[in-house]
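Chemist: What follows is a predicted structure for the sequence shown.
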Amino acid sequence: MPELRSLDPELSHRLRNDPLRHLRALEAACHNIASESRPGYDKENVKVKVALAGPVGAAASSPRNLTSSSLRQLVCVEGVATKVSAIKPKVVKSIHFVPNTKQHHTREYVDATDPQLGLQAIDGSGRELPDRIINITTSVYPTKDNDGNNMETEFGLSTYKDHQTITLQEMPEKAPMGQLPRSVDLMLDHDLVDRIKPGDRVQIVGVYRALATSANGQSTSSGVFRTVVLVNSIQILGRDISHLSFSSNDVHAIRSLAKRKDILSILGRSFAPSIHGHDMIKKALCLQQLSGCEKNLENGTHLRGDINVLMVGDPSTAKSQLLRSSMSVAPLAVSTTGKGSSGVGLTAAVTSDPDTRERRLEAGAMVLADRGLVCVDEFDKMGENDRVAIHEAMEQQTVTIAKAGIHASLNARCSVLAAANPVYGQYDRKRRIQENIGLPDSLLSRFDLLFVVLDQLDADTDRKIATHVIRGHRFRNGNIRSGYDSDDDNFDDESDDENDNDESPSHSIWQRSHNVVESDYALSQAHDDDGPHSSDILQHEFLRKYLHFAKTRINPTLTEEAREAIASGYAEIRSRQDDRTLPITARSLETVIRLASAHAKARLSHTVEAEPDVSTAMNILGFALYHETNMDAVQSTESQMKRPQVSDVGETDDEISPAKRTRYEDENDDMDENLNKDMESIEGMVKERVLRIAEADDIPMSEICPGITDRDAVQSVLAQLEKKNVVMISDDVVMRIS
């Protein structure tokens, strides 16, 4: 259609306003050309069908935009197929035999969905007869001829065509907030049937028509017609329809940003800047957006690459807001709640068509979110039978239906992000973790990561949260949408010239974060490799582009060193007997592989390395497995293991639980084997170098352990020492104060 519009605008306009008449002429011309090139090809009454592709207007519309002004016109509609009926044969021409006269009679049938309805009849030469109009015929087989003789139907000689009905619903991300999604019925004939499955995202071109309800073409007294689309062509769209356009500047900025060593930290703090803390959870959600590498083996085994995350914790800890932030970043996301959804609503259901009384398949939320993200809030409120229904969809990523004589398997290749409250409303620290969570191990093992989010009673943390919230209200733009911060900082009266770096506002990928507390801002300025954007965050649209680019363009493979690191790390966590949140099974091994592959995607690397990919994956998994109370103690991906080393500077042994103390003492025995990979060794080296500094003396930060390549780990240790009043950091200079 775009090519025809540029070649002959007048013909394109006539085709759009009177499509059926022009399509019949176009198919007749194609039939003549095919007959000349291949004589005899139509000996079995084969007819050429012409399909029109491309948007009819400026862009494809949704079922919500189909109004009475679109009737009898050519339309292009995009949506998700939710209901698919069975394929039924529809009679086109019947042949009847009269035994008394030994003659055959032929009769053709035209119903309300026939494209020929309302057109002028044509003669043998293809010319239109202005005095004859094709009308609806009765669908009842004749039993007697005009003379009253009985007739027998020759079913073997009659002609039939395949017919199927599909319900197309507008895409969830395009539906207005607070309104039910609109849908339209599609009529498919001939070779177009059996092309669409429930959950498929399609773009169809067809004719929008109002159906007459009676045989004579008249509607009922109410004057309300049923409207359908007579499909002309079908185009299956990709699952990850993001509508993101990448310019050369975007690709250059993405590749230059991926070279930074702290790329995951940048993505984490840019993910939900309006939420304070939860640094490790934000990084994990970024890795969930990137996902691992899906594998389909030759023997038919499917290994999922999607990452499932569950957050359990106290109320008012921003769990639901993190879900909303993930939905705003993901190209395709479907939201639901535990109490407001059933098992069949999440997977698939077999329904009965009220018109034809036939059974048909209806896709659920996880099928509609194929290649996307499913956010389930209030996961603990879901019934036990409903939770069991999603077991297959979470691991095998398929939904198998065997009901009412229908046996089908639908794809549900989606990530699951769930949030739940503990069994007792608030997390009871006197009980075991499993008693607080209250979910069976068969379901927990299907989650790659489980984070326990606690509401800490700490005056310093409360003060930071209050400052963060107040700053968010102070710099809030009234024109932005809810769910994420504004990308426009022009309303800020403060000078921001130092962060411009000669970048035009249209091509800048950074935005200033107004939610940085002064102490955190001073610490962030101490990064020697961050430059002027050490406290800035990425613009929301660029963050979506970066994650989509890394997820779709990069498919990393494991190196031999990464395999050994994954195997040794998995054996280590299997041997631990500490109280953990998730059961350690073979699925945990695949979790490490998925997290490491996602981190390699974040670096735009085609190989998964032992450092930093596997080490970061093990740190995040270790945080999810063994972290219990100190949510604000984590400052980076390596900070889970550094708390006991700083404790002997300003923290007593009584502040560490016996289980943690035992684990830390066991791990410190092997500290000298791998200095650059083990966080305890890095922390010991930094601490030893700091203690050699004379009191009231200072040293540039770059001279502290210059042989350590992971400068983020060095900065994290120095930040902890500064909190204990051991050192003071100012302008990339470390001063010993005690």
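Modeler: Alright, I've got the coordinates.

Chemist: Next, the contact list for Ile708, please.
Modeler: By C-beta atoms under 8 Å, 6 or more residues apart in numbering, the contact list for Ile708 reads 676, 682, 685-686, 714. Where C-beta positions appear, they are placed from N, C-alpha and C, glycine not excepted.

Chemist: Please pick the buried ones from these.
Modeler: Among these, those buried by neighbour count (16 or more other C-beta atoms under 10 Å) are 682, 685-686, 714.

Chemist: before we move on, back to that, closest to Ser325 among the contacts of Ile708?
Modeler: Using C-beta to C-beta, Val714 is the member of those that sits closest to Ser325, with 30.0 Å.

Chemist: Run through the bridge partners of Val98.
Modeler: Gln103 (DSSP bridges).

Chemist: which other helices and strands contact the helix ranked longest in the chain?
Modeler: With secondary structure taken from DSSP state H, the chain has its longest helix at helix 19-37. Helix 19-37 sits against helix 9-17, with contacts defined as 3 or more C-beta pairs under 8 Å, 6 or more residues apart in numbering; DSSP states H and E.

Chemist: now the helix it packs on against helix 19-37, angle please.
Modeler: Interaxial angle, helix 9-17 versus helix 19-37 (axes from the mean of the first three to the mean of the last three C-alpha atoms, to 10 degrees): 110 degrees.

Chemist: Show the model's pLDDT score for the residue nearest the centre of the chain.
Modeler: For the chain, the residue nearest the mean C-alpha position is Gly372 (2.3 Å; C-alpha atoms, centre = their mean). As predicted, Gly372 sits at a pLDDT of 86.

Chemist: cool, and Glu695?
Modeler: The model's pLDDT for Glu695 equals 52.

Chemist: which parts of stretch 566-577 are buried?
Modeler: Neighbour count says stretch 566-577 has 566, 569-570, 573 buried, by 16+ other C-beta under 10 Å.

Chemist: In CSV: these, plus secondary structure, pLDDT and distance to His407.
Modeler: Shown next, in CSV, are those (DSSP: H, G, I helix; E, B strand; the rest coil; pLDDT from 0 to 100; distance: C-beta to C-beta, whole Å):
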residue, secondary structure, pLDDT, distance to His407
Ile566, helix, 92, 39
Gly569, helix, 88, 42
Tyr570, helix, 88, 38
Ile573, helix, 84, 40
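
Chemist: Can you add distance to Ser702 and give those residues back as a markdown table?
Modeler: Shown next, in a markdown table, are the buried residues of stretch 566-577 (distance: C-beta to C-beta, whole Å):
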| residue | distance to Ser702 |
| --- | --- |
| Ile566 | 33 |
| Gly569 | 31 |
| Tyr570 | 36 |
| Ile573 | 35 |
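
Chemist: Out of those, flag the one nearest to Phe549.
Modeler: For the buried residues of stretch 566-577, the nearest to Phe549 is Ile566 (25.9 Å; C-beta to C-beta).

Chemist: isn't the closest one right next to Ile593, touching?
Modeler: Yes. Using C-beta atoms under 8 Å, Ile566 is in contact with Ile593, at 6.3 Å.

Chemist: Find residues that contact each of these two.
Modeler: Between them, Ile566 and Ile593 share the contacting residues Leu558, judged by C-beta under 8 Å, 6+ apart.

Chemist: what's the distance between Ile134 and Ile122?
Modeler: Using C-beta to C-beta, to the nearest Å, Ile134 is found at 9 Å from Ile122.

Chemist: Please disregard the earlier target; I meant Arg587.
Modeler: In terms of C-beta to C-beta, Arg587 sits 65 Å off from Ile122.

Chemist: Ile554 too?
Modeler: 57 Å.

Chemist: cool, and Gly57?
Modeler: Distance from Gly57 to Ile122, by C-beta to C-beta: 30 Å.

Chemist: do the same with Leu449
Modeler: For Leu449 relative to Ile122 (C-beta to C-beta), the value is 66 Å.

Chemist: and the two? which has more neighbours close in?
Modeler: Leu449 (25 against 16; other C-beta atoms under 10 Å).

Chemist: Wait, the more buried one touches Val312, no?
Modeler: No. Leu449 is beyond contact range of Val312, at 11.2 Å (criterion: C-beta under 8 Å).

Chemist: who touches both of these two?
Modeler: With C-beta under 8 Å, 6+ apart, Leu449 and Val312 have no common neighbours.

Chemist: shaky segments in the stretch 101-250 of the chain?
Modeler: Applying pLDDT under 70 to the stretch 101-250 of the chain flags the ranges 213-222, 238-243.

Chemist: ok, now with 50
Modeler: Applying pLDDT under 50 to the stretch 101-250 of the chain picks out residues 214-217, 240.

Chemist: Where do the strands of it begin and end?
Modeler: For the stretch 101-250 of the chain, applying DSSP state E, counting those that start in this stretch gives strands covering 103-108, 120-122, 128-133, 152-153, 159-169, 183-189, 201-211, 226-236.
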